[in-house]
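Asker: Test case, fold it:
(chains A and B)
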Number of protein chains: 2
Amino acid sequence: MSNANTVLIGKKPTMNYVLACITFFNGGAKEVNVKARGKAISRAIDVAEVVRRKFLPDVKVNAIAIGTDQIQPHDEEAQLSNVSTIEITLKR
Amino acid sequence: MSNANTVLIGKKPTMNYVLACITFFNGGAKEVNVKARGKAISRAIDVAEVVRRKFLPDVKVNAIAIGTDQIQPHDEEAQLSNVSTIEITLKR
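Answerer: Residues are numbered from 1 along each chain as shown, chains lettered A, B, ... in the order given. Reported below is the predicted structural model:
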């Protein structure tokens, strides 16, 4: 999978990311990946649900993958910490 | 699917729910469902990742489903609000 058509979820309002997904689909994309980690994961699911329920009913959740990333804290002597990740593939 | 072997994620520490999953598996369960909604969703993924990566490497993520629940606020005149949900099926 390439990184094309990826929406990375951060701390902005949910609707910003919903709009980003809709823009990809309206530009002809067949698939959009919604990625998030840590506390943004619940917002990623909100985005996927709002896109398919409110705006683009022909979009389906094609796949959901979860995983773990290791994060190097700013303090370099601190231990690596783990953060959960999600990738939701929306398909038209 | 029955509601047997379901761990509903709330606001307690992640390890409480990890232990609940491990207890089900050690009691002979073949499948455990981890369910959460709203902000607890990211903790649900943490639980699934910790169970399979740290404690029970033979456990796999068999399925992940997302959805939306409608919530009636305490104020009965308020509008229904939507909350995202996740259900992660862990299989040994």
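
Asker: The longest helix along chain A packs against which elements?
Answerer: When every helix of chain A is counted residue by residue (DSSP state H), the longest turns out to be helix A:14-26. Using 3 or more C-beta pairs under 8 Å, 6 or more residues apart in numbering or on different chains; DSSP states H and E, the elements in contact with helix A:14-26 are strand A:6-8, strand A:31-37, helix A:41-50. For the C-beta atoms, the positions are set from N, CA and C on the backbone; glycine is no exception.

Asker: Downstream of the longest one, the next helix or strand is which one?
Answerer: Counting by DSSP states H and E, the element after helix A:41-50 in chain order, helix or strand, is strand A:60-71.

Asker: From A:Thr68, how far off is A:Pro86?
Answerer: Residue A:86: Ile, not Pro. Taking C-beta to C-beta, to the nearest Å as the criterion, A:Ile86 is separated from A:Thr68 by 11 Å.

Asker: So for those two, which sits in the more crowded spot?
Answerer: A:Ile86 (26 against 17; other C-beta atoms under 10 Å in any protein chain shown).

Asker: dump the residue contacts of that one.
Answerer: Shown in contact with A:Ile86 (C-beta atoms under 8 Å, 6 or more residues apart in numbering or on different chains): A:35-37, A:41, A:44-45, A:64-67, B:45.

Asker: burial count for the residue lying closest to A:Val34 once chain neighbours are set aside?
Answerer: The shortest distance from A:Val34 to any non-neighbouring residue, by C-beta to C-beta, 6 or more residues apart in numbering or on different chains, is to A:Ile88 (4.4 Å). A count of nearby residues for A:Ile88, using other C-beta under 10 Å, gives 26.

Asker: Having no further points to raise, I will conclude here.
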